[in-house]
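Novice: Let's see this in three dimensions:
(one chain, ligands or ions: 1)
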Amino acid sequence: MDAVSNSADTALRARAARVVPGGMWGHLHAAKLPEGYPQFFARGEGAHLWDVDGRRFVDFMCSWGPNLLGHLHPEVEEAAERQRRMGDCLNGPAEVMVELAEQLVAMLPHAAWAMFQKNGTDATTTCLTIARAATGRRKVLVARGAYHGAVPWASPSLLGVTAEDRAHLLHYEFNDIDSLRAAAREAGDDLAGVIVSAFRHDLGRDQEMPTVAFAVAARELCDAAGAALMLDEVRAGMRLHTGGSWELLGVRPDLSAWSKAIANGRALSAVTGAEWLRDPAARIFVTGSFWCGAVPMAAALATLRVVQRDDVPARIERLGRMLRDGLAEGARRHGLGLRQTGPAQMPMVLFDDDPGARKGEVFCATALRHGVYFHPRHNMFLSAAHTEADIAAALEAAGHGFAAVAAT
Ligand SMILES: *Cc1c(COP(=O)(O)O)cnc(C)c1O
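Specialist: Sure, this is the predicted structure:
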């Protein structure tokens, strides 16, 4: 299509290809999104995005998680702007760091303390370091296929990673108690902890909520071993429950890793933890040049106050259910088998009999042309800025997408 090949996006990709390896890195590597998807964006407002060619989309990726309240949310922006006028990167943190830690400790029943970083990977990695420092042990149990970040111990790619980087990881299957116990037996008296995602949200497969039995087994196993139960809340955090995702199951972790949504799009992550890990958390050495940045912390404080005041998880769950029900109905009308799994506020939409997500790509590429940004194999996200009108627009675009899939 000439409209696409002559676009500002295409021109930027060509320039990027000359000065950025591969033109883009990681999850945004262009090959992973269907034809017609933009790589470059001009602006965002509420639940809407504009690409560099001026196309407007109702957005269901929400910056891949961070956008929880909507782009340019007035209360968050005002708090960030007030802090920006006073200073962001100073010789140490601003007062807001203490207020933010107080806010998290007040919101999260499992947490006696909080510390801050920049990226989710910083937070998950810090959790492992604290668990190992606290126990003096090395082994950490990780669910096979789970994503916990983009550093050698966690990256989904083994290129440039050594076996030694992963020497002390043992694997279990999410929701499989026997496999968890077997991994713990293998770790023996060297078990430092278990890291587990708030729910199973692996790329390209059906999502799974943890069963209560699995969560309880993980808790008991850690208690019996004196090991740390680490909950990776980086993706799910503040979308399922304002007190932590496993409050839904009645199981409390020892450590939680947070990022993505906590500052509504600004760079911030956090580790929150139980009392028994306070001392090791104080003794390890972790830091970063930008970890004291005050503007993201001010944004996070404002974000968390809105999340709690407006019960954002309940709002986005209701909208997510509208979307889910409408998609199910649309698929049925076209005789298509559709699987929608996991929490409604973080939709995963996969077609039956669809190796390589080819149907998903046709569906998404068609919806995109009708102004709606979906993803064919990654979980999506609702934001509090989505309205019923946005859901209606999404279902209208999805109708065209289903028709296109049915016609292939
Ligand atoms: C995104 C993500 C991470 C890594 O966070 P970054 O901010 O990208 O470093 C870790 N765990 C989960 C579950 C994630 O979704």
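Novice: So which residue is smack in the middle of the protein?
Specialist: Centrality entry for the chain: nearest residue to the mean C-alpha point is R235, 2.1 Å, by CA atoms, centre = their mean.
Novice: Might you report the residue contacts of that one?
Specialist: Taking CB atoms under 8 Å, 6 or more residues apart in numbering as the definition of contact, the neighbours of R235 are 65, 120, 147, 197-198, 201, 260, 346, 379. Using the backbone N, CA and C atoms, a C-beta is placed for each residue, glycine as well.
Novice: So which residues on this structure come close to the ligand?
Specialist: Taking CB under 6 Å from any ligand atom as the measure of proximity, the chain contacts the ligand at 119-121, 124, 147-150, 197, 232, 234-235, 259.
Novice: Neighbour-wise, which one of those residues leads?
Specialist: Going through the residues of the chain next to the ligand with other CB atoms under 10 Å as the criterion, the one with the most neighbours is D232, at 30 neighbours.
Novice: What residues does that residue make contact with?
Specialist: Applying CB under 8 Å, 6+ apart, we find D232 in contact with 120, 124, 146, 148, 195-198, 256-257.
Novice: which one among the residues you listed gets closest to R315?
Specialist: Using CB to CB, A198 is the member of the contacts of D232 that sits closest to R315, with 18.7 Å.
Novice: quick one, phi psi at the residue nearest to the centre of the chain?
Specialist: Dihedral pair for R235: phi -90, psi -40, per degrees, to the nearest 10.
Novice: For the ligand, what's its nearest residue on this structure.
Specialist: Closest to the ligand within the chain is G120: 2.2 Å, counting by CB to the nearest ligand atom.
Novice: correct me, but that residue touches A261?
Specialist: No. Under the criterion of CB atoms under 8 Å, G120 makes no contact with A261, lying 10.5 Å away.
Novice: which one's the longest helix in this structure?
Specialist: Selection of the longest helix in the chain by residue count, based on DSSP state H, yields helix 312-333.
Novice: hmm, back to that, pick the one among the contacts of D232 closest to Y373.
Specialist: Comparing these against Y373 with CB to CB picks out G120 as the nearest, at 21.8 Å.
Novice: From D88, how far out is that closest one?
Specialist: Per CB to CB, to the nearest Å, G120 is found 21 Å from D88.
Novice: So R55 is in contact with Y37, correct?
Specialist: No. R55 lies out of contact with Y37 (CB under 8 Å); the separation is 10.5 Å.
Novice: so after the longest helix of the chain, what's the next helix or strand?
Specialist: Sequence-wise, the next helix or strand downstream of helix 312-333 (DSSP states H and E) is strand 338-341.
Novice: helices or strands up against whichever helix or strand comes after that next one?
Specialist: For strand 338-341, the following helix or strand on the C-terminal side (DSSP H and E) is strand 348-351. Counting contacts by 3 or more CB pairs under 8 Å, 6 or more residues apart in numbering; DSSP states H and E, strand 348-351 packs against strand 338-341, helix 358-369.
Novice: buried stuff in strand 348-351?
Specialist: With burial defined by 16 or more other CB atoms under 10 Å, the residues of strand 348-351 counted as buried are 348-351.
Novice: which one of these sits closest to G371?
Specialist: Within the buried residues of strand 348-351, proximity to G371 (CB to CB) peaks at V349, which comes in at 17.3 Å.
Novice: now the closest one, nearest residue through space, not along the chain?
Specialist: In space, not counting the residues next to it along the chain, V349 is nearest to Q340; the distance is 5.6 Å by CB to CB, 6 or more residues apart in numbering.
Novice: from what I can see the one you found touches A328, true?
Specialist: Yes. A contact is recorded between Q340 and A328 when judged using CB under 8 Å, the distance being 6.6 Å.
Novice: Which one's more surrounded, those two?
Specialist: In this comparison of Q340 against A328, neighbours counted by other CB under 10 Å, the higher total goes to Q340 at 18 against 14.
Novice: follow-up on the earlier one: phi, psi for the residue of the chain closest to the ligand please.
Specialist: In this entry, G120 is assigned phi and psi values of phi -60, psi -40 (degrees, to the nearest 10).
Novice: wait, what's in contact with it?
Specialist: Residues in contact with G120 (CB under 8 Å, 6+ apart) are 149, 232, 234-235, 257-260, 269.
Novice: if we can go back for a sec, could you tell me which of the contacts of D232 belong to helices?
Specialist: Using DSSP H, the members of the contacts of D232 that fall in helices are 120, 124.
Novice: Same list (the contacts of D232) but as JSON lines, adding distance to A367 and pLDDT.
Specialist: Rendered in JSON lines, the data for the contacts of D232 read as follows (distance: CB to CB, whole Å; pLDDT from 0 to 100):
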{"residue": "G120", "distance to A367": "28", "pLDDT": "98"}
{"residue": "T124", "distance to A367": "32", "pLDDT": "98"}
{"residue": "A146", "distance to A367": "28", "pLDDT": "98"}
{"residue": "H148", "distance to A367": "30", "pLDDT": "98"}
{"residue": "I195", "distance to A367": "35", "pLDDT": "99"}
{"residue": "V196", "distance to A367": "33", "pLDDT": "98"}
{"residue": "S197", "distance to A367": "27", "pLDDT": "98"}
{"residue": "A198", "distance to A367": "27", "pLDDT": "98"}
{"residue": "S256", "distance to A367": "34", "pLDDT": "99"}
{"residue": "A257", "distance to A367": "32", "pLDDT": "99"}
